[in-house]
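Chemist: Based on what follows, work out the 3D shape:
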Amino acid sequence: MKRGAVMTQKDPFFKKLWKNMRSHPLLYIMILPVLAYFLVYHYYPMYGMIISLFDYVPTKGVFGSDFVGLKHFKAFLGDPYFFRTMRNTVSINLLLLLFGFPFPIIFAILLNELTGTRLRKITQTITYMPHFISAVVICGLMLDFCKTNGVITSVFTAITGQEASNMFSHSAYFQPLYVLMCIWQEFGWDSIIYFAALTGIDQSLYEAAEIDNASAWAKFRYITLPSLKPILIFVFITITIGAFKMVVQPMVMTGGGPSYSTYTLVYDIYQTGTVNWEIGTASAMSIVFAIFVIILTIIQNKITKDKEE
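Modeler: Predicted coordinates:
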């Protein structure tokens, strides 16, 4: 047995792989669709890293096009609209984290306090349903609600006393309305995640806190919040990624206007590559965006690691 084990360890990797493939061919055949998916949709798009260095013309191919080096990087980094677009994206992300992040936590805690199981299920269902509505449909509803005689516009003018007008014609309203739309669509989904975590907390901890006459705030701070920490980090990351990936909302609701005031980074990449057909510049922008997301992920992982320690 020992000799066979030693021989197996000395076998080259590809030789062992070939033996396994011959022994279990059906298992490896079942893996092929997954490998094909990753090759086509994850690894092949990395071809764009090379395209960013060329003045790419589809009919000529990559290496038939003129090599321009870092020209595309200099072009969009020197464009003042790029930094405005980045500012819009970061601003929306911060607003979502400020308002969209804590609201589901509060709602989940209130939901957990409901004694009636039937009422709790009805509330969960009603708040959870918007999550399954298409983003395009949600945008259409917001456009209807925010037109001159829309519901949101009517409420806004009644509170502020301003003259009624289409709210999306004012760039200052886009970000607050987008955040409101995201909260309405996603807080039910996020609150259910929090609610599941709340129900999994050991109730004996709360019983011990009751014996020590701990206040509601003390129980939340020292029991509930630490128990929710992994879920908090997960939702924080998903909200951040979702905000940076935003493209449908400015496309449908404002078209990026007026004057680039509602452009986001991914929407700008889409416009540059598919509308303006500047594929090299769009590829360069995608690389910078990827680097930005990687840096953000490293920072988040660092924060998470420090908190766990």
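Chemist: need the strands for the stretch 151-300 of the chain, in chain order.
Modeler: Taking DSSP state E, counting those that start in this stretch as the criterion, the stretch 151-300 of the chain carries no strands.
Chemist: Can you list the low-confidence ranges for it?
Modeler: For the stretch 151-300 of the chain, the stretches with pLDDT under 70 are 259, 300.
Chemist: So D66 lies in a strand, does it not?
Modeler: Yes - applying DSSP: H, G, I helix; E, B strand; the rest coil, one finds D66 inside a strand.
Chemist: could you pull out the helices for the stretch 1-150 of the chain?
Modeler: For the stretch 1-150 of the chain, the helices defined by DSSP state H, counting those that start in this stretch cover 2-10, 13-23, 25-38, 48-51, 71-77, 80-95, 102-113, 117-128, 135-145.
Chemist: quick one, the second one and helix 25-38 angle?
Modeler: In this structure, helix 13-23 runs at an angle of 120 degrees to helix 25-38, with axes from the mean of the first three to the mean of the last three C-alpha atoms, to 10 degrees as the basis.
Chemist: i'd like the first residue to be 857 from this point on
Modeler: In the new count, where the first residue is 857, that last one comes out as helix 869-879.
Chemist: Looking at helix 869-879 now, give me its mean pLDDT.
Modeler: Here helix 869-879 scores 80 as its mean pLDDT.
Chemist: JSON lines please, covering the helices of the stretch 857-1006 of the chain and showing distance to A1099 and mean neighbour count.
Modeler: C-betas here are computed from N, CA, C, even on glycine. As requested, those are exported to JSON lines (distance: least, C-beta to C-beta, whole Å; neighbours: other C-beta atoms under 10 Å):
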{"stretch": "helix 858-866", "distance to A1099": "48", "mean neighbour count": "8"}
{"stretch": "helix 869-879", "distance to A1099": "42", "mean neighbour count": "10"}
{"stretch": "helix 881-894", "distance to A1099": "26", "mean neighbour count": "10"}
{"stretch": "helix 904-907", "distance to A1099": "23", "mean neighbour count": "16"}
{"stretch": "helix 927-933", "distance to A1099": "21", "mean neighbour count": "17"}
{"stretch": "helix 936-951", "distance to A1099": "4", "mean neighbour count": "17"}
{"stretch": "helix 958-969", "distance to A1099": "15", "mean neighbour count": "16"}
{"stretch": "helix 973-984", "distance to A1099": "21", "mean neighbour count": "13"}
{"stretch": "helix 991-1001", "distance to A1099": "13", "mean neighbour count": "16"}
